[in-house]
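In: no sequence for this one, just the structure:
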(Lines give C-alpha, C1' and ligand atoms only; values in the text may rest on other atoms or scores of the structure.)
Protein backbone atom coordinates (compact mmCIF):
# COMPACT_ATOMS: atom_id res chain seq x y z
CA UNK A 1 0.00 0.00 0.00
CA UNK A 2 2.88 2.34 0.79
CA UNK A 3 4.38 1.73 -2.66
CA UNK A 4 1.08 2.58 -4.32
CA UNK A 5 0.91 5.87 -2.40
CA UNK A 6 4.48 6.72 -3.46
CA UNK A 7 3.65 5.84 -7.07
CA UNK A 8 0.59 8.12 -7.09
CA UNK A 9 2.53 10.98 -5.44
CA UNK A 10 5.34 10.52 -7.99
CA UNK A 11 2.89 10.69 -10.92
CA UNK A 12 1.28 13.83 -9.49
CA UNK A 13 4.71 15.43 -8.97
CA UNK A 14 5.87 14.66 -12.51
CA UNK A 15 2.61 15.97 -13.99
CA UNK A 16 2.88 19.22 -11.98
CA UNK A 17 6.47 19.70 -13.15
CA UNK A 18 5.43 19.11 -16.77
CA UNK A 19 2.60 21.66 -16.44
CA UNK A 20 4.99 24.18 -14.87
CA UNK A 21 7.59 23.74 -17.61
CA UNK A 22 4.98 24.02 -20.35
CA UNK A 23 3.57 27.26 -18.90
CA UNK A 24 6.67 29.28 -18.06
CA UNK A 25 5.60 32.37 -20.00
CA UNK A 26 5.17 35.56 -18.00
CA UNK A 27 1.72 37.06 -17.63
CA UNK A 28 0.76 40.33 -16.00
CA UNK A 29 -1.74 40.33 -13.17
CA UNK A 30 -3.45 43.64 -12.42
CA UNK A 31 -5.49 44.40 -9.34
CA UNK A 32 -8.07 46.55 -11.12
CA UNK A 33 -9.15 46.99 -14.75
CA UNK A 34 -7.19 49.73 -16.57
CA UNK A 35 -10.04 52.27 -16.67
CA UNK A 36 -10.86 51.83 -12.99
CA UNK A 37 -7.16 51.91 -12.08
CA UNK A 38 -6.65 55.26 -13.80
CA UNK A 39 -9.78 56.64 -12.17
CA UNK A 40 -8.64 55.59 -8.69
CA UNK A 41 -5.01 56.45 -9.38
CA UNK A 42 -3.74 53.16 -8.03
CA UNK A 43 -3.34 49.86 -9.85
CA UNK A 44 -1.04 47.11 -8.64
CA UNK A 45 0.51 45.03 -11.43
CA UNK A 46 2.68 41.91 -11.15
CA UNK A 47 4.57 39.86 -13.72
CA UNK A 48 4.44 36.15 -12.82
CA UNK A 49 4.81 32.87 -14.73
CA UNK A 50 1.55 31.36 -15.94
CA UNK A 51 2.00 28.14 -13.94
CA UNK A 52 2.00 30.17 -10.71
CA UNK A 53 -1.40 31.59 -11.66
CA UNK A 54 -2.68 28.10 -12.48
CA UNK A 55 -1.41 26.55 -9.24
CA UNK A 56 -2.70 29.45 -7.13
CA UNK A 57 -6.10 29.16 -8.80
CA UNK A 58 -6.31 25.44 -8.09
CA UNK A 59 -5.13 25.95 -4.51
CA UNK A 60 -7.61 28.75 -3.85
CA UNK A 61 -10.41 26.66 -5.35
CA UNK A 62 -9.58 23.75 -3.07
CA UNK A 63 -9.39 25.97 0.01
CA UNK A 64 -12.70 27.66 -0.79
CA UNK A 65 -14.30 24.25 -1.36
CA UNK A 66 -12.98 22.87 1.93
CA UNK A 67 -14.22 25.89 3.90
CA UNK A 68 -17.58 25.82 2.11
CA UNK A 69 -18.03 22.12 2.93
CA UNK A 70 -16.93 22.65 6.54
CA UNK A 71 -19.51 25.41 6.97
CA UNK A 72 -22.21 23.35 5.24
CA UNK A 73 -21.67 20.35 7.53
CA UNK A 74 -21.40 22.40 10.72
CA UNK A 75 -25.11 21.97 11.49
CA UNK A 76 -24.74 18.18 11.23
CA UNK A 77 -21.76 18.20 13.58
CA UNK A 78 -23.63 20.41 16.07
CA UNK A 79 -26.65 18.10 15.93
CA UNK A 80 -24.46 15.07 16.58
CA UNK A 81 -22.70 16.89 19.43
CA UNK A 82 -26.03 17.85 21.03
CA UNK A 83 -27.27 14.25 20.74
CA UNK A 84 -24.08 13.05 22.40
CA UNK A 85 -24.48 15.58 25.21
CA UNK A 86 -28.08 14.47 25.71
CA UNK A 87 -26.97 10.83 25.98
CA UNK A 88 -24.28 11.79 28.49
CA UNK A 89 -26.82 13.79 30.50
CA UNK A 90 -29.24 10.84 30.52
CA UNK A 91 -26.48 8.44 31.59
CA UNK A 92 -25.59 10.75 34.49
CA UNK A 93 -29.22 10.93 35.53
CA UNK A 94 -29.56 7.14 35.42
CA UNK A 95 -26.42 6.70 37.51
CA UNK A 96 -27.70 9.26 40.04
CA UNK A 97 -31.03 7.44 40.23
CA UNK A 98 -29.28 4.11 40.71
CA UNK A 99 -27.09 5.60 43.41
CA UNK A 100 -30.06 7.16 45.19
CA UNK A 101 -32.03 3.91 45.03
CA UNK A 102 -29.02 2.05 46.43
CA UNK A 103 -28.79 4.59 49.26
CA UNK A 104 -32.45 4.17 50.13
CA UNK A 105 -32.03 0.40 50.13
CA UNK A 106 -29.13 0.74 52.56
CA UNK A 107 -31.15 3.07 54.74
CA UNK A 108 -34.04 0.60 54.88
CA UNK A 109 -31.72 -2.26 55.79
CA UNK A 110 -30.00 -0.17 58.43
CA UNK A 111 -33.37 0.82 59.78
CA UNK A 112 -34.40 -2.83 60.03
CA UNK A 113 -31.15 -3.69 61.80
CA UNK A 114 -31.69 -0.84 64.21
CA UNK A 115 -35.18 -2.13 64.97
CA UNK A 116 -33.86 -5.64 65.63
CA UNK A 117 -31.17 -4.51 68.02
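Out: Right, received. Where do you want to start? Since we're looking at a predicted model, the values are computed, not measured.

In: residue nearest the centroid of this protein?
Out: With distances taken as Cα atoms, centre = their mean, residue 70 lies nearest the centre of the chain, 5.3 Å away.

In: check for me that that one belongs to a helix.
Out: Yes. Counting by DSSP: H, G, I helix; E, B strand; the rest coil, residue 70 is part of a helix.

In: okay, it: pLDDT?
Out: At residue 70, the pLDDT value in this model is 91.

In: okay but residue 45 is in contact with residue 30, surely?
Out: Yes. Counting by Cβ atoms under 8 Å, residue 45 touches residue 30, with 4.8 Å between them. Any C-beta I mention is one placed from the backbone N, CA and C, and that applies to glycine too.

In: for residue 96, helix, strand, or coil?
Out: Put simply, residue 96 is helix when judged by three-state DSSP.

In: repeat for residue 48
Out: Residue 48 - assigned by three-state DSSP - is strand.

In: that one and residue 27 touch, don't they?
Out: Yes. Residue 48 lies in contact with residue 27 (Cβ under 8 Å); the separation is 6.6 Å.
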